[in-house]
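# I'd like to go over a predicted model; first the sequence, then the structure.
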Amino acid sequence: MIGIDSPCQYCHFAVQDNSYLCPTCLYEHVIRKILTIKPSTAENMQCAYLFPDFLLADMDDFLIKDIEELLGCIYAELWTAIALMSSRIFEQVLKNHMKLNMNIDVDEEVLGGCIKRLEKQGAPANLIVALTELRETRNDAMHANKRFSPADSLELSRKVLSLVASVYNYRPKPDTMITLA
Ligand SMILES: [Zn+2]
């Protein structure tokens, strides 16, 4: 884990909440690419194209495979599959992050509880808002009678991948980390 005064990996300005990248560089180098994802750009797209090495290093193989399957679904225009894969990645990334980087075991925790715990840990407010919205869409996606339009599916997948970037970019402050007894 990098130190609390670590600068942004790209522009070298100090980063407020111990993130790898400052908000500007996160947008310029990661989110902007994610926002261009659509069927015509997703063919053979890989995680290594979307995420810098220092973010990828914290992601497990399972997540990387899921993201690449999601990109395959986007290329194939499988709209409901896109929504389902996005929902699965959303849940996985949130729980993995809390377990691996914050030392909080949330296997049995419902998503709402996970989000509350992140909020208590001092995660950025805009991240908490995004997580809460995604949780509602994810609940919709799980219903068998819900189908997603192309626009809705693409928007959801871009939001989830942006969330992946934001969550893996955020490093909890060491003094707010919980150590389980
Ligand atoms: Zn920067």
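Nice, I can see it. Residues are numbered from 1 along each chain as shown.

# export stretch 127-134 as PDB, just CAs?
The C-alpha coordinates for stretch 127-134 follow below in PDB (Å, rounded to 0.1, in the frame of the first residue of the first chain):
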ATOM      1  CA  LEU A 127     -18.800   7.500  -4.600                       C
ATOM      2  CA  ILE A 128     -21.400   6.800  -2.000                       C
ATOM      3  CA  VAL A 129     -24.100   8.400  -4.100                       C
ATOM      4  CA  ALA A 130     -23.000   6.400  -7.200                       C
ATOM      5  CA  LEU A 131     -23.000   3.200  -5.200                       C
ATOM      6  CA  THR A 132     -26.500   3.800  -3.900                       C
ATOM      7  CA  GLU A 133     -27.900   4.400  -7.400                       C
ATOM      8  CA  LEU A 134     -26.200   1.300  -8.800                       C
END
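
# what residues does the protein have near the ion?
For the chain, the residues in contact with the ion under the definition C-beta under 5 Å from the ion are Cys8, Tyr10, Cys11, Cys22, Cys25. From N, CA and C alone the C-beta is placed, and that goes for glycine too.

# tell me the buried residues within those residues.
Burial by neighbour count, judged by 16 or more other C-beta atoms under 10 Å, picks out Cys8, Cys22, Cys25 from these.

# could these go into a markdown table alongside pLDDT, distance to Met59 and secondary structure?
Shown next, in a markdown table, are those (pLDDT from 0 to 100; distance: C-beta to C-beta, whole Å; DSSP: H, G, I helix; E, B strand; the rest coil):
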| residue | pLDDT | distance to Met59 | secondary structure |
| --- | --- | --- | --- |
| Cys8 | 93 | 20 | coil |
| Cys22 | 92 | 21 | coil |
| Cys25 | 96 | 19 | helix |
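
# and the residue positioned nearest the centre of the chain, how close does it get to His12?
Closest to where the C-alpha atoms of the chain average out (C-alpha atoms, centre = their mean) is Val164, at 1.5 Å. As defined by C-beta to C-beta, to the nearest Å, Val164 lies at a distance of 24 Å from His12.

# what is the neighbour count of Leu163?
The number of residues packed around Leu163, counting by other C-beta atoms under 10 Å, is 22.

# for it, list the residues it contacts.
Contacts of Leu163 were listed using C-beta atoms under 8 Å, 6 or more residues apart in numbering, and they are Phe90, Val93, Leu127, Ala130, Leu131, Leu134.

# pLDDT averaged over the lengthiest helix in the chain, what's the number?
With secondary structure taken from DSSP state H, the chain has its longest helix at helix 79-100. Model confidence over helix 79-100 averages 88 on the pLDDT scale.
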